[in-house]
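Colleague: How does the following fold in three dimensions:
(chains A and B)
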There are 2 protein chains.
Amino acid sequence: MFGLINKITAKPDSRDRLIQLMLQGSGDMPGCLSYIVAADAKDPDTIWVTEVWDSPESHKASLEFPEVKQAIGSAMPLIAGFESVATTTPRGGTGL
Amino acid sequence: MFGLINKITAKPDSRDRLIQLMLQGSGDMPGCLSYIVAADAKDPDTIWVTEVWDSPESHKASLEFPEVKQAIGSAMPLIAGFESVATTTPRGGTGL
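Modeller: Take a look at the predicted model:
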C-alpha cells in the first residue's frame, strides 16, 4: 500500500469551501482505500489530508480523472500553502 | 468526528515489532472509524498513526480496553519518541 499525509493551508475564510471541493473530487476512485479530509482543531486555516492507495500508480492515475482535475482547478485559488508531511507504507488498521 | 495524527519514533530495529503490536491492539474498537498504522517511506524508525473516531470520548474509552492497555505496555519499551502532530475534525472522505 501507498500512503500520503499532506497539510494544506487555506487562504483566510476559505477552508470550508476548500474542504467541500476536495471531498467533491474524491468519490470512489479506483485503488483508493482511504482518503480523509480533516480540519485542524486549532488552526482555522489548516486542512489535513491522509490517503491510502493500493499502489502509487493508482494515486498517480487518479490525478488524471476529470472530476479530480476540475476539483484541483477550483481549489487552487483558495490554497495559500501545501506541505507534503509524509509518504508512507501503510501496514494495516481499521478503515482500509 | 475526532481525528488524530501521531508520529512515533521506534528504537533502532524495532519498528516492525512495534507496528505489529499496535495493529494487534487495534481491532474493532467501538467508535473507531479509521485507525491506520504506516511506516514512513524514508525514515526507518518512523511510524505514522492516523485515527478517526466518532467522538473524543470513544477514543478516550478505547485506552481503557485490556487489549489496548496490554499493547501499549508491550510497545512502550520499543518507543524512542512520540509527537502529537495534529488533532483534527474529520469532515469526510473514503474509508470512514
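Colleague: Which pLDDT value does the model give the residue nearest the centre of chain A?
Modeller: Computing the C-alpha centroid of chain A and ranking residues by Cα atoms, centre = their mean puts residue A:49 first, at 4.2 Å. With respect to pLDDT, residue A:49 scores 98.
Colleague: So is whatever helix or strand it lives in next to chain B?
Modeller: If you go by DSSP states H and E, residue A:49 is part of strand A:46-53. Yes - Strand A:46-53 comes into contact with chain B (Cβ under 8 Å from any Cβ of the partner chain), by way of A:46, A:48, A:50, A:52. For the C-beta atoms, the positions are set from N, CA and C on the backbone; glycine is no exception.
Colleague: So what are the sheet partners of the top strand by length along chain A and their directions?
Modeller: In chain A, taking DSSP state E as the definition, the longest strand is strand A:79-94. Strand A:79-94 sits in its sheet next to strand A:2-10 (antiparallel), strand B:32-40 (antiparallel), going by DSSP bridges.
Colleague: between these, which gets nearest to residue B:84?
Modeller: With Cβ to Cβ, the closest approach to residue B:84 among these belongs to strand A:2-10: 13.7 Å.
Colleague: May I have whichever helix or strand comes after that closest one exported as CSV, CA atoms only?
Modeller: Following strand A:2-10 in sequence order, the next helix or strand is helix A:15-24 (DSSP H and E). C-alpha atoms of helix A:15-24 as CSV (Å, rounded to 0.1, in the frame of the first residue of the first chain):
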residue,chain,number,x,y,z
ARG,A,15,-11.2,26.4,4.5
ASP,A,16,-14.8,25.2,4.4
ARG,A,17,-15.2,25.8,0.7
LEU,A,18,-11.8,24.2,0.1
ILE,A,19,-12.8,21.1,2.1
GLN,A,20,-16.0,20.9,0.2
LEU,A,21,-14.2,21.0,-3.2
MET,A,22,-11.7,18.3,-2.0
LEU,A,23,-14.5,16.0,-0.9
GLN,A,24,-16.4,16.6,-4.1
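Colleague: how about helix A:15-24: buried residues?
Modeller: A:15, A:18, A:19, A:20, A:21, A:22, A:23 (16 or more other Cβ atoms under 10 Å in any protein chain shown).
Colleague: Show me the two of these that sit farthest apart.
Modeller: A:15 and A:23 (12.4 Å).
Colleague: Tell me which residues are up against the helix or strand bottoming out on mean pLDDT in chain A.
Modeller: Every helix and strand in chain A was compared by mean pLDDT, DSSP states H and E; the lowest is helix A:66-75, with a mean of 92. When contacts are defined by Cβ atoms under 8 Å, 6 or more residues apart in numbering or on different chains, helix A:66-75 is touched by residues A:18, A:21, A:22, A:24, A:25, A:26, A:27, A:29, A:62, A:63.
Colleague: Great, nothing more from me.
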